[in-house]
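Novice: Please work out how this folds:
(one chain, ligands or ions: 2)
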Amino acid sequence: MPSRAPPDRDPLDAVLRPPLDETPEEKAFRVAQEEEARRISQEIDENIRQDKLARKKMKVVRLLLLGQSESGKSTTLRQFQRLYTPSAFREERCLWHSIIQLNLVRSIHTILDALADVRPHELPFSPPSPSLAPSLSFGSYTQPPSPPRPFHAHAHSMRSTLYSDSDAETDSTDAPTLPAHLTALRQRLACLQAVEELLISRIVPPSEDAPYLHQAYPAAPFATASASTARMHAGATGEVFVRPSAGWKRALRPGASARYNVNTAGEETTVEVQSVLAQCRVDMMTLWKDSTVKSVLKKRKIRLEESPGFFLDELERVASLKYTPSDDDVLKARLKTVGVSEYRFEMEAGTETGTQWRIIDVGGSRSQGQTWVPFFDDVDAIIFLAPISGFDQTLAEDKSVNRLEDSVLLWKAVCANKLLARVDLVLFLNKCDILAVKLASGVRLAKYVKSFGERANDSETAEKYFRSKFNAIHREYSPIPRKFYGFCTSVTDTTTTGGIIASVRDMVVREHLKASKLL
Ligand SMILES: Nc1nc2c(ncn2[C@@H]2O[C@H](COP(=O)(O)OP(=O)(O)OP(=O)(O)O)[C@@H](O)[C@H]2O)c(=O)[nH]1
Ligand SMILES: [Mg+2]
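Specialist: Ligands and ions are numbered 1, 2, ... in the order given. Coordinates of the predicted model:
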């Protein structure tokens, strides 16, 4: 092993060492300069300390939201906004209209995409409906159906797995086929491709220049110049995302078209899109209710009901001409966060009147992890969201990682982090509503979480189990003992979340006051 360089060969030392021929005047000058530099440095340190002190005295509470992507951080932030700045929240509801339209159109495209290469074995084993064209039917309708092949496709890699699964066996009986009524629906709904592009061009300001991932749908007459140059920020999953700093809300405000160099004003686009959605409403409803579609989705393990931004069960309302988003719709809408957004507000009532809150919402996907650390310093509390319904899912950005496992690892890391040793950690075991539906539908938790064992496969038992597991990690990994605050949540639910957020607020304020008295 190479030995350490002796001190007189240290390159830094060589540079900083006073010159050998330094005169007394030069020395006095250098010493004075060094003294001045020290004084300035101490002054900066003192300013930072005073700043922190003043902030504590001014009653500024900083809350950081952490958790993997799709865990519900931005939704929790919206709940705070809805509860504590309701008028601003209501004012912004109209800006979410375009996001909800986009969520809806993308769900329809997920279905159309699945239908684009449907195989006979994915169709339901029932006699053909009268609307089926004879040329599109195949042998198994008249003969007893062959048993379904094992299907290994995962929800998020369904297309590639499907191809690899079927390629080996592709023959004339397994050629792509689609009942005629669905072919007709696909053709009629093709106009939604242009709608999607138009919406993306509105939501993502032109400065956001990541490539737009085109899907294989024919261009429709509805396409406009802005649609053809539509761009979006999309990750490996093809999900639209915007940076909070890019000001998508500003871009969607009425009259923003000139500033953002797009050829349709926000309100006009929304109205125009809404009228196309209203025209397609019956077709979209027929598509979503269709038994063949249900069969294909089921076989490909595409569970749209659990996916973010799901509005297909409310098509009648959301695709009507008079639709305006409700509070619940805004909470259900999905727009991925990349980067960091800070939301500031002041408590308007109660004993904490005048307390300023700063809630920091960060992007949760794996590549965003490094953006979290700078916010660890000086944060009063962290709400960590672990979506426990994801026990049978993998991460959108990495199909080899189980979502629950990822949440557990993140939770361990946050609990063990020395910078956060004195920070209160609040755990939201989130998406309990989806967990309940999933378990009730027969998915067995013990199949994915072996240690769950023979316990009852219901949401109450599962929540209790997860709570104790996360609590144990908190106890074991916290550098110094601290209290555990754990809640089972469904943050899209306004009724239950209001009470939980109020308890968190009280706890954070109490601890904040304690800390400021210690200063
Ligand atoms: N059903 C249900 N949906 C939820 C719940 N929490 C969040 N969602 C939905 O899940 C989606 C993702 O939530 P977000 O708040 O955007 O997730 P995020 O943690 O901010 O994700 P990133 O921005 O990617 O880091 C949204 O469509 C939410 O409406 C929940 O408890 N139940
Ligand atoms: Mg977010």
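
Novice: Get me the contact residues on the stretch 1-150 of the chain for ligand 2.
Specialist: Residues of the stretch 1-150 of the chain found near ligand 2 (Cβ under 5 Å from the ion) are 73-74. For the C-beta atoms, the positions are set from N, CA and C on the backbone; glycine is no exception.

Novice: again with the stretch 251-400 of the chain
Specialist: Neighbours of ligand 2 within the stretch 251-400 of the chain, by Cβ under 5 Å from the ion: Thr337.

Novice: In the stretch 251-400 of the chain, what residue comes closest to ligand 2?
Specialist: Nearest to ligand 2 in the stretch 251-400 of the chain, going by Cβ to the ion, is Thr337, at a distance of 3.1 Å.

Novice: so what's that residue closest to, chain neighbours aside?
Specialist: Among residues not flanking Thr337 along the chain, Gly363 sits closest, at 4.5 Å (Cβ to Cβ, 6 or more residues apart in numbering).

Novice: any idea of the pLDDT on the one you found?
Specialist: Note on Gly363: pLDDT of 89.

Novice: Quick check: it touching Thr371?
Specialist: Yes. Here Gly363 reaches Thr371: they are 6.7 Å apart, a contact under Cβ atoms under 8 Å.

Novice: Overlap of the contact sets of these two?
Specialist: Common neighbours of Gly363 and Thr371, counting by Cβ atoms under 8 Å, 6 or more residues apart in numbering, are 339-340.

Novice: Compare neighbour counts for those two and give me the winner.
Specialist: Counted by other Cβ atoms under 10 Å, Gly363 and Thr371 do not tie: Gly363 has more neighbours, with 22 against 13.

Novice: gap between the more buried one and ligand 1?
Specialist: According to Cβ to the nearest ligand atom, to the nearest Å, Gly363 and ligand 1 sit 5 Å apart.

Novice: check contacts around that residue.
Specialist: So Gly363 contacts 69, 241, 336-340, 371 (Cβ under 8 Å, 6+ apart).

Novice: for it, phi and psi?
Specialist: Main-chain torsions, Gly363, degrees, to the nearest 10: phi -70, psi 140.

Novice: coming back round to it: from the contacts of Gly363, list just the buried residues.
Specialist: Among these, those buried by neighbour count (16 or more other Cβ atoms under 10 Å) are 69, 241, 336-338, 340.

Novice: Return the member of the residues you listed nearest to Arg62.
Specialist: Nearest to Arg62 out of the buried ones among the contacts of Gly363 is Val340 (Cβ to Cβ; 12.7 Å).

Novice: So in terms of bridging, what pairs with that closest one?
Specialist: Beta bridges link Val340 to Val362, judged by DSSP bridges.

Novice: Please report the distance of it from Lys73.
Specialist: Distance, Val340 to Lys73, using Cβ to Cβ, to the nearest Å: 11 Å.

Novice: And for Ile99?
Specialist: Between Ile99 and Lys73 the distance is 16 Å, computed by Cβ to Cβ.

Novice: Looking at those two, which is more packed in?
Specialist: Taking neighbours as other Cβ under 10 Å, Ile99 and Lys73 compare with Lys73 leading, 28 against 22.

Novice: Give me the pLDDT for the more buried one.
Specialist: pLDDT, Lys73: 96.

Novice: Name all residues that make contact with it.
Specialist: Residues in contact with Lys73, defined by Cβ under 8 Å, 6+ apart, are 65-67, 337, 361-362, 364, 383, 385.

Novice: What is the neighbour count of the closest residue in space to it that isn't next to it in sequence?
Specialist: Computed as Cβ to Cβ, 6+ apart, the closest residue to Lys73 that is not its neighbour in sequence is Leu65, at 4.1 Å. Other residues lying near Leu65 total 27 when counted by other Cβ under 10 Å.

Novice: can you map out the strands along the stretch 51-200 of the chain?
Specialist: 60-66 (DSSP state E, counting those that start in this stretch).

Novice: Get me the contact residues on it for ligand 1.
Specialist: Neighbours of ligand 1 within the stretch 51-200 of the chain, by Cβ under 6 Å from any ligand atom: 67, 69-75.

Novice: Out of the residues you listed, list just those in helices.
Specialist: Cross-referencing those against helices under DSSP state H gives 73-75.

Novice: Tabulate the contacts of Gly363 (JSON lines), appending pLDDT.
Specialist: Formatted as JSON lines, those follow (pLDDT from 0 to 100):
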{"residue": "Ser69", "pLDDT": "94"}
{"residue": "Phe241", "pLDDT": "71"}
{"residue": "Lys336", "pLDDT": "92"}
{"residue": "Thr337", "pLDDT": "90"}
{"residue": "Val338", "pLDDT": "86"}
{"residue": "Gly339", "pLDDT": "86"}
{"residue": "Val340", "pLDDT": "88"}
{"residue": "Thr371", "pLDDT": "77"}
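
Novice: Could you name every residue contacting both of Val340 and Lys73?
Specialist: 361-362.

Novice: Pick out the residue nearest the middle of this structure.
Specialist: Residue closest to the average C-alpha location in the chain (Cα atoms, centre = their mean): Glu70, at 3.2 Å.

Novice: Is it correct that that residue is in contact with Ala396?
Specialist: Yes. Counting by Cβ under 8 Å, Glu70 touches Ala396, with 7.1 Å between them.

Novice: neighbours of the closest residue to ligand 2 within the stretch 401-519 of the chain, just the number please.
Specialist: Distances between the stretch 401-519 of the chain and ligand 2 by Cβ to the ion are smallest at Val491, namely 11.6 Å. Val491: 28 surrounding residues under other Cβ under 10 Å.

Novice: and what of Gln33?
Specialist: Gln33 has 10 nearby residues by other Cβ under 10 Å.

Novice: repeat for the one 10 residues further on
Specialist: When neighbours are counted by other Cβ under 10 Å, Glu43 registers 10.

Novice: Could you pull up phi and psi at it?
Specialist: Note on Glu43: backbone dihedrals following degrees, to the nearest 10 are phi -60, psi -40.

Novice: Where does the prediction get shaky in this structure?
Specialist: For the chain, applying pLDDT under 70 flags the ranges 1-16, 53-58, 125-176, 205-238, 242-248, 250-267, 347-353, 516-519.

Novice: Show me it divided up by domain.
Specialist: Domain assignment for the chain by automatic domain parsing gives 58-85+347-515, 94-332.

Novice: These: which one's closest to Glu25?
Specialist: The closest of these to Glu25 is domain 58-85+347-515. By Cβ to Cβ, the value is 43.2 Å.

Novice: Identify the residues contacting Ala436.
Specialist: Here Ala436 is in contact with Ser459 (criterion: Cβ under 8 Å, 6+ apart).

Novice: An error on my part: the question was meant for Lys412.
Specialist: So Lys412 contacts 473, 477 (Cβ under 8 Å, 6+ apart).

Novice: May I ask which helix or strand encompasses it?
Specialist: helix 403-416 (DSSP states H and E).
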